[in-house]
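1. Provide a 3D model corresponding to the input given below.
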Amino acid sequence: MDTLQNMRVFVRVVEAGSFTAAALSLNSTTGAMSRAVSELEAHLRTRLLNRSTRRLALTTAGERYLKRSQQILADVDTAEEEASCAHERPSGALRMHSFASIGQHYVLPAISRYRALYPEVTVELTLSQRMPDLFEGSADVAVIGASTLPNSELVSLPLGTTFSILCASPAYVRAHGAPQQPCDLAHHECLILHTPAFPPHEWVLDGPNGSEMMEVNGPVHVNIAESLIVAIREGMGIGMVPLYAAITGLRDGSLVRVLPEYTLQKMNVYALYPSRKFIDAKTRTWVEFLRTHLPKVIARDEALLAEVGQMVAGDGVAPVGAASTGDGDVAAR
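-> Numbers count the residues shown, from 1 in each chain. So this is what the prediction gives:
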């Protein structure tokens, strides 16, 4: 019997909450998980888990054994990492989670540059609109946007701050005019973006008069910024778009900015990863890469927004033709 492996399985089953979830995270089978725990109990001559069809519960002996096992396994992982030289070139699969729009506009381009530095690392990126549970073992690191983070045992690394702006299509502005102040939004079709970070029907506009909150509703609700942009381009109304998703449309003229003196939804971008005594090389280097790379990209987006300039009411203005040269640089016209 491999006591250490069975100990790992026992800890994973408890952390995952079920044999099935543990099997998925370890790429094994539910039967193998159950046999490993049974072998461990037989070896120890004590029951560690009370099982039912609905839930698992630790026995008193199981609680004590879990704490000891977690410490032992952490020490073993640390010893193995030190022995294999943690600072060697990272390799293997790096599992990432990201909110969908941030993943498309920030994470995927960053992955391309990161893999140019570390080609032995493969990446498994999951995009969704839910906050991940990194302790369930489905990802090594997450990149999310939020105004603030709840208290947790996760390590959070701030990567920068961005915001949203209000956009419409040139055709919509020609047909309906552009709002001149926040209260004018009550007379326009407002398109609603649902995200995990902010209430969808409350638009808080920060501008010359401070913060102004508008209650909005509209005929179209979506949960992905890129889908919202499609609705805006189709002339359905005014939408609140994250800056990183709006830049391309502003530059090619398919979007115009309305109420240009206002920004909305100031959002911090974070890298999250579980708090551990030792972080593997690929996770460490990825987080370090994001810390230097992403602030440059956020600054580039803000520079491009300033370059595009204020979009005027009526027919809008022609897009600026400057091209981005990559990490934070904008080519001269």
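
2. alpha carbons only for contacts and neighbour counts from here, please
-> Will do.

3. which residues of the stretch 201-333 of the chain fall in strands?
-> Here the stretch 201-333 of the chain has its strands, by DSSP state E, counting those that start in this stretch, at 202-207, 210-215, 221-222, 238-242, 256-258, 263-274.

4. deepest of those strands, which one?
-> Of the strands of the stretch 201-333 of the chain, the one with the most neighbours on average (mean count of other CA atoms under 10 Å) is strand 256-258, at a mean of 31.

5. Out of the strands of the stretch 201-333 of the chain, the one nearest residue 26 is which?
-> Comparison of those against residue 26 by CA to CA identifies strand 263-274 as nearest, at 17.2 Å.

6. Run the angle between that closest one and strand 238-242 for me.
-> Here the directions of strand 263-274 and strand 238-242 differ by 40 degrees (axes from the mean of the first three to the mean of the last three CA atoms, to 10 degrees).

7. for the stretch 51-200 of the chain, what are the low-confidence residue spans?
-> Applying pLDDT under 70 to the stretch 51-200 of the chain picks out residues 81-88, 131-138, 151.

8. Tell me where it has helices.
-> Assigned by DSSP state H, counting those that start in this stretch, the helices in the stretch 51-200 of the chain fall at 60-83, 100-102, 108-117, 170-176.

9. Please identify which of those is closest to residue 269.
-> Nearest to residue 269 among the helices of the stretch 51-200 of the chain is helix 100-102 (8.7 Å), distances taken as CA to CA.

10. can you list the domains in this structure?
-> Following automatic domain parsing, the chain resolves into domains at 3-83, 92-155+269-300, 162-268.

11. Now do the longest helix belonging to the chain against helix 108-117, angle only.
-> Criterion DSSP state H: the longest helix present in the chain is helix 281-308. Counting by the same axes, to 10 degrees, helix 281-308 lies at 130 degrees to helix 108-117.

12. The domains of the chain: which one's closest to residue 307?
-> domain 162-268 (9.1 Å).

13. Figure out how far the closest one is from the centre of its chain.
-> Relative to its chain's centre, domain 162-268 lies at 21 Å (CA atoms, centre = their mean, to the nearest Å).

14. for it, how far is the first residue from the last?
-> Using CA to CA, to the nearest Å, the span of domain 162-268 from its first residue to its last is 6 Å.

15. One more: stretch 195-212?
-> 20 Å.

16. got a list of contacts for that stretch?
-> Residues outside stretch 195-212 that contact it (CA atoms under 8 Å, 6 or more residues apart in numbering) are 129-131, 145-147, 182, 192-194, 213-217, 223-224, 261-265.

17. rerun at 6 Å
-> Stretch 195-212 is contacted from outside by 146, 193, 194, 213, 214, 215, 216, 261, 262, 263, 264, using CA atoms under 6 Å, 6 or more residues apart in numbering.

18. can you tell me which residues contact the residue nearest to residue 147 when sequence neighbours are not counted?
-> Of all residues not flanking residue 147 in the chain, residue 267 sits nearest, at 4.9 Å (CA to CA, 6 or more residues apart in numbering). Residue 267 is in contact with 145, 146, 147, 161, 162, 163, counting by CA under 6 Å, 6+ apart.

19. Show me what residue 267 is bridged to.
-> Following DSSP bridges, residue 267 is listed with bridge partners residue 162.

20. ok, which pair from the contacts of stretch 195-212 is furthest apart?
-> Using CA to CA, the two most remote members of the contacts of stretch 195-212 are 194 and 261, lying 23.5 Å apart.

21. Phi and psi next, for residue 54.
-> Note on residue 54: backbone dihedrals following degrees, to the nearest 10 are phi -110, psi -30.

22. returning to what we had before: how far away is the residue nearest to residue 147 from residue 286?
-> 21 Å.

23. residues in contact with residue 172?
-> Counting by CA under 6 Å, 6+ apart, residue 172 has contacts residue 235.

24. and the closest residue to residue 285 other than its chain neighbours, how many neighbours?
-> With sequence-adjacent residues excluded and distances taken as CA to CA, 6+ apart, residue 285 is closest to residue 90, at 7.7 Å. Number of residues near residue 90 (other CA atoms under 10 Å) recorded here: 21.

25. Would you confirm that residue 90 contacts residue 279?
-> No - using CA atoms under 6 Å, residue 90 makes no contact with residue 279, being 11.5 Å away.

26. picking up where we left off before, so which of residue 194 and residue 261 has more stuff around it?
-> Taking neighbours as other CA under 10 Å, residue 194 and residue 261 compare with residue 194 leading, 16 against 13.
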